[in-house]
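S.K.: Structure here, sequence nowhere to be found:
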């Protein structure tokens, strides 16, 4: 049983802060190939915004927003996106992770296809980093208990 | 047996320290890495990948296989934490 102590200031501040953090994280991921940033950094910001939610509210509320099942799905989905883009390039006739061949699927030139492929794998990396950060934090903070046992 | 292991570790360590004296100087513009690989990336990144950020193009395109390995390492670390820390119901 985990008691939740309400604090108006912390909750209001976090309710304002978390959406901005998440939008900034999405910007860092999506703009990673044009400015400093990328999947690892953006995923970390996205994960820490969720950890802030866990700290400001409680674990039951946090797990209602992002269940462990969804979290595990996300962490493996990121690796699958990354490896899948490589396999798509392989299927289109190029080498593994040779993004230039993505231009056969999308209406872009081969050079722009490389930029597109880099964006795709950054998104995959971001998914994995976010989900693994949240997963490790939830397992440490909840002593490995599941949703039902926390109540 | 302990002394034997200690000797092996010390000799390996000494050899590694000796090998570092052969490394090129820090920031030396004539080292092999600065004369072959770096100029190639700096000159051709924009034409070849249409990405203005050189770091990302090396990380995700030229060295994409390495990044795939890094992502897999993070995923494996997460799975290991789940296996070690999470308690399963009976």
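M.R.: On my side now, so go ahead. Please read these numbers as outputs of a predicted model, since none were measured by experiment.

S.K.: quick one: the strands in chain A?
M.R.: Ranges of strands in chain A, per DSSP state E: none exist.

S.K.: what's the longest helix in it?
M.R.: Using DSSP state H, we find that the single longest helix of chain A is helix A:110-141.

S.K.: what's the helix or strand for residue B:56?
M.R.: Element membership for residue B:56 (DSSP states H and E) is helix B:54-57.

S.K.: Quick check: which helices or strands does that helix pack against?
M.R.: helix A:110-141, helix B:38-49 (3 or more Cβ pairs under 8 Å, 6 or more residues apart in numbering or on different chains; DSSP states H and E). C-beta coordinates here come from the backbone N, C-alpha and C atoms, glycine included.

S.K.: Which residues belonging to the longest helix of chain A are considered buried?
M.R.: Neighbour counts using 16 or more other Cβ atoms under 10 Å in any protein chain shown place A:110-139, A:141 of helix A:110-141 among the buried residues.

S.K.: Now that we're looking at the closest residue to residue B:42 other than its chain neighbours, what pLDDT does it have?
M.R.: Nearest residue to residue B:42, sequence neighbours excluded (Cβ to Cβ, 6 or more residues apart in numbering or on different chains): residue B:54, at 6.6 Å. For residue B:54, the model assigns a pLDDT of 88.

S.K.: list the contacts for residue B:54?
M.R.: Contact partners of residue B:54, counting by Cβ atoms under 8 Å, 6 or more residues apart in numbering or on different chains, are B:41, B:42, B:45.

S.K.: If you rank these by neighbours, which is first?
M.R.: Of all these, the highest neighbour tally under other Cβ atoms under 10 Å in any protein chain shown goes to residue B:45, namely 20 neighbours.

S.K.: rewinding a little: chain center to the following helix or strand past the helix holding residue B:56, what's the gap?
M.R.: Helices and strands here follow DSSP H and E; after helix B:54-57, the next one along the chain is helix B:64-85. How far helix B:64-85 lies from its chain's middle: 15 Å, per Cα atoms, centre = their mean, to the nearest Å.

S.K.: where does chain B dip in pLDDT?
M.R.: B:89-90 (pLDDT under 70).

S.K.: If we use 80, what do you get?
M.R.: Residue ranges of chain B with pLDDT under 80: B:27, B:33, B:87-90.

S.K.: residue nearest the centroid of it?
M.R.: Nearest residue to the geometric centre of chain B (Cα atoms, centre = their mean): residue B:66, 8.2 Å.

S.K.: coming back round to it: so which of the helices and strands packed on helix B:54-57 gets nearest residue B:87?
M.R.: When the helices and strands packed on helix B:54-57 are compared by Cβ to Cβ, helix A:110-141 sits nearest residue B:87, at 9.5 Å.

S.K.: sorry, back to before: any idea how far the residue nearest to the centre of chain B is from residue B:8?
M.R.: 31 Å (Cβ to Cβ, to the nearest Å).

S.K.: Off-centre distance for stretch B:77-86?
M.R.: For stretch B:77-86, the distance to the chain centre is 24 Å (Cα atoms, centre = their mean).
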